[in-house]
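Novice: fold the following and give me the result.
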Amino acid sequence: MNLFAETRALVIGALNDMVAAGELPAGLDFAAVAVEPPRDAAHGDMATNAAMVLAKPAAMQPRAIAETLAARLKGRGGITSAEVAGPGFLNLRLAPASWQAVVRAVLGDGGKFGRSDLGRGTKVNVEFVSANPTGPMHVGHTRGAVFGDALASLLDFAGYGVTREYYINDGGAQVDVLARSAFERYREANGLSPEIAEGLYPGDYLIPVGEALKEKYGASLLDQPESVWLVDVREYATAAMMQMIREDLALLGVEMDIYSSEKSFYGTGRIEAALERLRGLGLVYQGKLEPPKGKLPDDWEEREQTLFRSTEFGDDQDRPVQKSDGGWTYFAPDIAYHYDKVERGFDVLIDVWGADHGGYVKRMKAAVSALSEGRVPLEIKLIQLVKLFKNGEPFKMSKRAGTFVTLRDVVEQAGADVTRFVMLTRKNDAPLDFDFDKVLEQSKDNPVWYVQYAHARVRSVLRKAAEAGIAVDDATLAGADLGKLGHEAELALARKIAEWPRLVEIAAKGQEPHRIAFYLYELASDLHAHWNRGNEDITLRFIQEDTATSQAKIALARAAGVVISAGLGILGVTPAEEMR
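Specialist: Take a look at the predicted model:
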């Protein structure tokens, strides 16, 4: 049940009646007509912009449209009044039975309430994290992992067919650096002093890898040239790092559907096939790039390369895919990888990247547009930095990692639920401060605790009612006399619950899971406020002297709890049964 969508349907029906009666011209497009909560709750339950958006195409005054529309809407469905405001906005009020029906629908649908068919099964690939397999995940990866996972869950909830994917960057020079770093730890395991030269990975996390290599190879590799051991050590170390990354993701509750390997594109003809696809479209050519603007780098040389015509798709310049020496650029395997995703039949691709990759966006979007001939859109979500604080000071770097704070550090300090929720309290492209002291305090200023506390309060009501012998299963509560929910405070809470299906669709369309966190905080605030009113007005308490009234009021609390639980599920946060 989506009461806002149902009310919009009533508005569209009234507009069609106006067209049929000659009160509006035929052929108007109603797509921009919206029904939403009013900015000021005192103005009504819902508001529509219909008259405002139709005035210009209809060549009519908005108030004239609004007044006729208001007359046609009164008495339709649950609409009890329709009042024109300002230049032509229309404020609507609904009968209490409409909001009571929302509570019944929540209890009847359970966790499915708010689910949408918006996506209609559209196949979406969400690729996120994709950290280099050279060490443990850091705090930046943490935010990307949480955002990507929550976005995937949100899209699934809104009716999309979602695949979570991790792209293992195991084909570049960084994995050779990993192998050399691991080899030094292997030497250390054999009693020699490691030589951690500049450019190698210094973290202690490679010590167990070195010990495992010793167990496997003994001392047999010590006197061998790099050409003998590099490949084997690289394979072993990369596998060990990926196992560590999988364990880190598991700490956050993130499970990938697919792990794709960059290395699998080398020497298999897959890069060549993707570039041949572009060449066949006339988008790959031999040419020379213009020199960069400003002072030329010392190593700049004008040379002929294989280039992709990315400027035809809005990029600033064409991009090299093959170097003059025949080697591939970093861009080439990325093109092949995205071509592979297109060929796998996805309708939409979403990549979640760190903000430092912002300069790469235009060329990648250009490549996907070219490869799919505009059929498959690529959305790229950039994740801004996270600043960590503890005791008023920046959180210290991890000795284990060598140069950064790890995901494991954060989760061990704050817990997975807190980490996930806090990472979603800002839009992905806005910087985020993560203060360990604030995110663990028990106050309204801590949104994680505040929302969890609201759910725990609902559970406590259900437990106390059950102890008092009141049946509180969902089927019984759904069948209760909800007409007893007539107080304005009760109806206000029901109105906030009713916003959930609409909010889900807005968040899914915008690919903005942070909206779920914001909504949950608002719903929790309304629930806490209603709870506190019960301290002053005993008629608002959830458990009353007679069973029928108790069940109606408990149904309202349970409905709020169901929605909070569903929202936390999208965010990947476990609803609290009780607060300690």
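Novice: ok, residues contacting stretch 191-201?
Specialist: Stretch 191-201 is contacted from outside by 134-135, 177-178, 180-181, 184-185, 187-188, 202, 210, 222, 402, using Cβ atoms under 8 Å, 6 or more residues apart in numbering. Every residue, glycine included, has its C-beta placed from N, CA and C.
Novice: at 10 Å what do you get?
Specialist: The contact list for stretch 191-201 (Cβ atoms under 10 Å, 6 or more residues apart in numbering) reads 134-135, 174, 177-178, 180-188, 202-203, 206-207, 210, 214, 219, 222, 237, 241, 401-403.
Novice: any low-confidence regions in the stretch 301-450 of the chain?
Specialist: For the stretch 301-450 of the chain, the stretches flagged by pLDDT under 70 are 301, 397, 399-401.
Novice: mean confidence score for stretch 247-257?
Specialist: For stretch 247-257, the mean per-residue pLDDT is 97.
Novice: can you give me the strands in the stretch 151-300 of the chain?
Specialist: All strands of the stretch 151-300 of the chain, identified by DSSP state E, counting those that start in this stretch, fall at 161-168, 258-261, 284-288.
Novice: and among those strands, the most buried is which?
Specialist: Neighbour counts (mean count of other Cβ atoms under 10 Å) averaged over each of these peak at strand 161-168, with a mean of 20.
Novice: that strand pairs with which strands, parallel or anti?
Specialist: strand 123-127 (parallel), strand 258-261 (parallel) (DSSP bridges).
Novice: let's have these in a markdown table, adding distance to W531.
Specialist: Shown next, in a markdown table, are the strands paired with strand 161-168 (distance: least, Cβ to Cβ, whole Å):
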| stretch | distance to W531 |
| --- | --- |
| strand 123-127 | 37 |
| strand 258-261 | 44 |
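Novice: out of the ones you listed, nearest to A430?
Specialist: Nearest to A430 among those is strand 123-127 (20.0 Å), distances taken as Cβ to Cβ.
Novice: still on that earlier bit, quick one, which of the contacts of stretch 191-201 are buried?
Specialist: Buried members of the contacts of stretch 191-201, scored by 16 or more other Cβ atoms under 10 Å, are 134-135, 177-178, 180-188, 202-203, 206-207, 210, 214, 237, 241, 401-402.
Novice: just these: which are in helices?
Specialist: Applying DSSP state H to the buried ones among the contacts of stretch 191-201, the entries found in helices are 177-178, 180-188, 207, 210, 214, 237, 241.
Novice: which of those lies closest to S130?
Specialist: Using Cβ to Cβ, M241 comes nearest to S130 of these, at 13.2 Å.
Novice: list the contacts of the closest one.
Specialist: 131-136, 168, 170, 175, 178, 182, 201, 205-206, 209.
Novice: try it again with 8 Å
Specialist: Contacts of M241 (Cβ under 8 Å, 6+ apart): 133-135, 178.
Novice: any figure for the gap between it and G354?
Specialist: Distance of M241 to G354, computed by Cβ to Cβ, to the nearest Å: 18 Å.
Novice: what do you get for T539?
Specialist: Counting by Cβ to Cβ, the separation of T539 from G354 is 54 Å.
Novice: Y360: which of the strands paired with strand 161-168 is closest?
Specialist: strand 123-127 (13.6 Å).
Novice: give the rounded mean pLDDT of the closest one.
Specialist: 98.
Novice: ok, R279 - how many residues close by?
Specialist: 14 (other Cβ atoms under 10 Å).
Novice: can you check L107 too?
Specialist: So L107, with other Cβ under 10 Å, has 23 neighbours.
Novice: what's the answer for I543, then?
Specialist: Neighbours around I543, by other Cβ under 10 Å: 18.
Novice: how near is it to E441?
Specialist: 30 Å.
Novice: repeat for P136
Specialist: For P136 relative to E441 (Cβ to Cβ), the value is 28 Å.
Novice: who has more neighbours, these two?
Specialist: P136 (22 against 13).
Novice: which one is that one nearest to, not counting chain neighbours?
Specialist: Distances taken as Cβ to Cβ, 6 or more residues apart in numbering put T406 closest to P136, at 4.6 Å, once the chain neighbours are dropped.
Novice: what's near enough to touch the one you found?
Specialist: Taking Cβ under 8 Å, 6+ apart as the contact definition, T406 lies against 136-139, 248, 398, 400.
Novice: out of the strands of the stretch 151-300 of the chain, nearest to A566?
Specialist: The nearest among the strands of the stretch 151-300 of the chain, by Cβ to Cβ, is strand 161-168 at 16.5 Å.
Novice: any low-confidence regions in the protein?
Specialist: Ranges of the chain meeting pLDDT under 70: 297-301, 397, 399-401, 580.
Novice: per-domain residue ranges of it.
Specialist: Domain ranges of the chain: 3-94, 173-251, 443-571, per automatic domain parsing.
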